[in-house]
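Colleague: What follows is a predicted structure for the sequence shown.
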Amino acid sequence: MTNHAGDPPQPTHLLRQFDVLVGEWDMVGTHPFFDAPVKGHSIFEWLVDGMLLTWHFNWNASLPPNALSVIGHDDTQETCSMLYSDVRGVSRIYQMSLEDGVWKIWRESSDFSQRMIGQISDDQNSIVVRGDLSRDGSVWDHDLSITYTRKK
């Protein structure tokens, strides 16, 4: 198919796998640095339908989003990429996939690698995520756990 200058951008098939995430979610999470569970809110919405997906989230629903991600796809790759940025000044690029109800997010770096695996419920209204980190690429420690519950 030839793309002409006046034609609108076309959705990518790989990003359609994330349709299940679109909507608003409540989050409850635990992290080794916090004594008690923390609560938050996430919104997944298409920036451009089927081409770019945004993910806004915060850990205190009374504040504006304290992290933003844009999820897209390089058509030469089998996975999608997520550009992450938060109020701490942290910016990272992760890889993402979602297949058969398993949502994976990972980042490989020589001094700080992360991986998160989420299981989406059969009714697609909850997601349980476990995250791990590695500072040397070989020893992995538990980092965080988050449960997402769909609001709408």
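Modeller: Done, it's in.
Colleague: Going by C-alpha atoms from here, please, whenever you check contacts or count neighbours.
Modeller: Will do.
Colleague: part of a helix, is residue 19?
Modeller: Yes. Assessed with DSSP: H, G, I helix; E, B strand; the rest coil, residue 19 lies in a helix.
Colleague: Dig out what residue 134 forms beta bridges with.
Modeller: Residues in a beta bridge with residue 134, per DSSP bridges, are residue 113.
Colleague: neighbours around the nearest residue to residue 37 once chain neighbours are set aside, how many?
Modeller: Using CA to CA, 6 or more residues apart in numbering and skipping residues adjacent in sequence, the residue nearest residue 37 is residue 30, 4.8 Å away. Applying other CA atoms under 10 Å, we find 17 other residues in the vicinity of residue 30.
Colleague: try residue 83
Modeller: 16.
Colleague: Could you check which helix or strand contains it?
Modeller: Using DSSP states H and E, residue 83 sits within strand 80-86.
Colleague: per-residue confidence averaged over stretch 85-103?
Modeller: Mean per-residue pLDDT for stretch 85-103: 93.
Colleague: which residues make contact with the strand holding residue 83 from outside it?
Modeller: Outside strand 80-86, the residues that touch it by CA atoms under 8 Å, 6 or more residues apart in numbering are 14-15, 66-74, 90-97.
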